[in-house]
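Visitor: everything below, folded, please.
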Amino acid sequence: MKRISFLLLATFILPVITTSCTNKTTEPSKATASLPLSAVNEADKQWAMANKDYAATRYSSLNAINTDTVKNLKVAWTFSTGVLRGHEGGPLVIGSTMYVHTPFPDIVYALDLTKEGAPAKWKYVPKQDPQVVAIACCDTVNRGLAYADGKIFMNQLDTNTVALDAETGKEVWKVKQGDHKTGQTITAAPMVIKDKVISGISGGEFGVRGFVTANDVKTGKQVWRMYSTGPEAEVGFPGSVETWKGDEWKRGGGTTWGWYSYDPELNLFYYGTGNPGSWNPDQRPGDNKWSMTIFARDPDTGKAKWAYQKTPHDAWDYDGINENVLLDINIRGQMRKVLVNFDRNGFSYTLDRVTGELLIAEPFVHVNWATGVDLKTGRPIEVPEKRTSATKNTKDICPSAMGGKNQQPVAYSPRTNLIYVPTNNLCMDYEGVEVKYQSGQPYVGAIVVSHPGPGGNRGEFIAWDPTTGKKVWGVKENLANWGGALATGGDVVFYGTMEGWLKAVHAKTGEILWKFKTPSGIIGNPMTYTGPDGKQYVAVLSGIGGWSGIGVAGDIGGEDPTAALGAIGAFADVGSFSNQGGVLTVFALP
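Guide: Next comes the predicted model:
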């Protein structure tokens, strides 16, 4: 019998269960005054980690492609990945080699940029148990690779982390981080910090207890592992167990399938944790720490210096895994070392990254489940009528569980001091349902239907001032903005749409300067680099899928709006705009 994915199964089960060894990459960018157009950082000729730098700015100072020249962009070459379904993440470029990854089966290609058409130098195809596809929540995506010490690092869907020789593609080591038979998978890109590879875990919809793991770069040996929930010795921070009923923390969710940032001066890395186990909040009274939390951890020991929970006792599946951008900016007349986070719950948070103090919390999309966030307590000021329960079907909650922004990463430009945010305009109906835990089986416990938010547009690409917590401009999109952003020294910002358009907009005004229709919907993240010929290139993966595009990727019909964890309610029509695909498109000036 043909095996189908968890999200296909959701069509049927949701109404029932409902549910050197030194990393030689670039240092974090600093917020500065406007830079001259000619200022180009040599390190920006490459792209060595998923979100460009440790600060997750996704900014490159390359500027040959600028507001005057971008209108002349043409396709330089293309590459078929040979895989369909959702293509999240983006390629790396190290020297004269580009490294491209795919969704399951998580193939890695090394492409030779010195040769016409960039032919493959090597291809790595991991051997995985195909049964892992059936438990992959929200598509079989992979968000990218990491490079350090002459190696390419990748997390596989079946929970293996592998290190490949960057020159030959041969396996250097391979380590199993979990067991997919219990619902554990990995979709996040790893990050290398000093002599350690940091990886997370997915599977919150199966009651998986989240954790982060550090493995030795050279050998793969586990150095430490810290959990999101549980006793202080296992979390590296106090205060979790007492916020759960009984032993619910053992299936407490808090998975770590998002992004990582790192400040070398403070020697702290930052990441977010996901939803608590069971979407039915009635089954887990208490704050459910440390789900929905930003952690600041010491990469040498794994112990946390501070933790900030954005959505205590989450009742909406507002997974807190989104990236944290590290900036040094002026807040109320004082220069502060901050991190900025755009959460699925619809609020943008600015925290002091040294202490965890909350400085700013403002909605960046339409929010009606809370009227704001108390800056003293850090807690949201909830609207009682929008809290969900198994006793009722709560209607028209904004944003939906799919988030004001999902995993799609933002970009920051030190030239404008603005952050560019791909957002979703989605609301939902949500009803909790009693669900019993069984290892390896879905542990959802809610019937959810997402739908377009006010105005009917399902997305908007916005520019955000992190010093004030205010939107500067926005470009409305029919479908959600499920792909990441790229900011450049030419004052051009790139982003993709689910229809497949790669767009270039003016960083200061939002004016659309250029666009190109790629073969499939874009849920990946554009990047830029300098080729061996000295020219600037922009590259993006297209391949519709992910949670928003699972109707097309998983061939799910639009008859049941609760299917795919409620995504079909908002995106039943995606097949009218995009077909399946798996193509890398690379652009350059003539």
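Visitor: give me phi/psi at Gly569?
Guide: Main-chain torsions, Gly569, degrees, to the nearest 10: phi -60, psi -30.
Visitor: just checking, it touches Pro561?
Guide: Yes. Between Gly569 and Pro561 a contact is recorded at 3.5 Å, counting by CB atoms under 8 Å. In this view, the C-beta of every residue, glycine as well, is placed from N, C-alpha and C.
Visitor: so what's the residue nearest to Glu248 when sequence neighbours are not counted up against?
Guide: Nearest non-adjacent residue to Glu248, counting by CB to CB, 6 or more residues apart in numbering: Arg284, 4.9 Å away. Taking CB atoms under 8 Å, 6 or more residues apart in numbering as the criterion, Arg284 is in contact with 244-245, 248, 252, 276-278, 313.
Visitor: just the strands in the stretch 401-550 of the chain please.
Guide: Taking DSSP state E, counting those that start in this stretch as the criterion, the stretch 401-550 of the chain carries its strands at 411-413, 418-424, 426-432, 446-452, 459-465, 470-477, 485-488, 492-496, 501-506, 512-517, 527-530, 536-542.
Visitor: so, low pLDDT: which residues of the stretch 401-550 of the chain?
Guide: Within the stretch 401-550 of the chain, no stretch has pLDDT under 70.
Visitor: ok, Asn341 to Leu327 distance?
Guide: According to CB to CB, to the nearest Å, Asn341 and Leu327 sit 11 Å apart.
Visitor: re the thing from before, right, and the strands of the stretch 401-550 of the chain - which one's nearest Gln128?
Guide: Gln128 lies closest, by CB to CB, to one member of the strands of the stretch 401-550 of the chain: strand 536-542, at 20.3 Å.
Visitor: buried stuff in whichever helix or strand comes after the closest one?
Guide: Next helix or strand after strand 536-542 toward the C-terminus (DSSP states H and E): helix 550-553. Across helix 550-553, burial judged by 16 or more other CB atoms under 10 Å covers 550-553.
Visitor: how far is stretch 564-571 from where the chain is centred?
Guide: Remark: stretch 564-571 is offset 19 Å from the chain centroid, using CA atoms, centre = their mean, to the nearest Å.
Visitor: ditto for stretch 503-510
Guide: Offset of stretch 503-510 from its chain centre (CA atoms, centre = their mean): 22 Å.
Visitor: how about the strands of the stretch 201-350 of the chain, start to end?
Guide: 211-216, 222-227, 260-263, 268-272, 293-297, 304-309, 324-331, 334-342, 347-352.
Visitor: same for the fifth one, what does it pack against?
Guide: Read it as strand 293-297. Judged by 3 or more CB pairs under 8 Å, 6 or more residues apart in numbering; DSSP states H and E, strand 293-297 is in contact with strand 268-272, strand 304-309.
Visitor: could you give the average pLDDT over the shortest one?
Guide: By that I understand strand 268-272. Strand 268-272 comes out with an average pLDDT of 98.
Visitor: now do that strand against strand 293-297, angle only.
Guide: Orientation of strand 268-272 against strand 293-297 (axes from the mean of the first three to the mean of the last three CA atoms, to 10 degrees) gives an angle of 160 degrees.
Visitor: my guess is Cys260 meets Phe269, correct?
Guide: Residue 260: Tyr, not Cys. Yes. Tyr260 lies in contact with Phe269 (CB under 8 Å); the separation is 5.7 Å.
Visitor: so the two - more neighbours on which side?
Guide: The residue with more neighbours, out of Tyr260 and Phe269, is Tyr260; 29 against 24, by other CB atoms under 10 Å.
Visitor: what about the residue nearest to the more buried one when sequence neighbours are not counted, neighbour count?
Guide: Once flanking residues are discounted, Tyr260 sits nearest to Met191: 4.2 Å by CB to CB, 6+ apart. Met191 has 28 neighbours, counted by other CB under 10 Å.
Visitor: residues contacting Met191?
Guide: Contacts of Met191 (CB under 8 Å, 6+ apart): 49-50, 146, 197-198, 260, 262, 269.
Visitor: and with 7 Å instead?
Guide: By CB atoms under 7 Å, 6 or more residues apart in numbering, Met191 lies in contact with 49, 146, 198, 260, 262.
Visitor: tell me what the first one is bridged to.
Guide: Per DSSP bridges, the residues bridged to Met49 are Ala146.
Visitor: oh, and call the first residue 46 from now on, that's how I've got it
Guide: Okay, using 46 as the starting number, the last item reads as Met94.
Visitor: can you give me the neighbour number for it?
Guide: Per other CB under 10 Å, the neighbour tally for Met94 reads 25.
Visitor: so what's it scoring on pLDDT?
Guide: For Met94, pLDDT reads 97.
Visitor: save the contacts of Met236 as a markdown table, and put in distance to Phe256 too.
Guide: Compiled in a markdown table, the contacts of Met236 are given as follows (distance: CB to CB, whole Å):
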| residue | distance to Phe256 |
| --- | --- |
| Met94 | 21 |
| Ala191 | 18 |
| Ile243 | 11 |
| Tyr305 | 13 |
| Tyr307 | 18 |
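Visitor: CA-only coordinates of stretch 434-448 in CSV, if you can.
Guide: Output of stretch 434-448 as CSV, limited to C-alpha atoms (Å, rounded to 0.1, in the frame of the first residue of the first chain):
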residue,chain,number,x,y,z
SER,A,434,-11.0,25.4,24.6
ALA,A,435,-12.5,21.9,24.1
THR,A,436,-15.8,23.3,25.2
LYS,A,437,-16.4,25.6,22.2
ASN,A,438,-15.3,26.4,18.7
THR,A,439,-13.6,29.8,18.9
LYS,A,440,-14.2,31.8,15.8
ASP,A,441,-12.1,34.3,13.8
ILE,A,442,-8.9,34.3,15.8
CYS,A,443,-6.1,36.4,14.2
PRO,A,444,-3.5,35.5,13.3
SER,A,445,-4.2,31.8,12.5
ALA,A,446,-2.0,28.9,13.7
MET,A,447,0.0,29.4,10.5
GLY,A,448,1.2,32.6,12.0
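Visitor: helices of the protein, start to end?
Guide: Along the chain, counting by DSSP state H, helices occupy 51-62, 277-280, 595-598, 612-616.
Visitor: which of those helices has the lowest mean pLDDT?
Guide: helix 51-62 (a mean of 34).
Visitor: now do the same for Cys182: its pLDDT.
Guide: At Cys182, pLDDT is 88.
Visitor: repeat that for the one 3 residues further on.
Guide: Reading off the confidence values, Thr185 has pLDDT 96.
Visitor: also the one 3 residues further on?
Guide: Looking at Arg188, its pLDDT reads 98.
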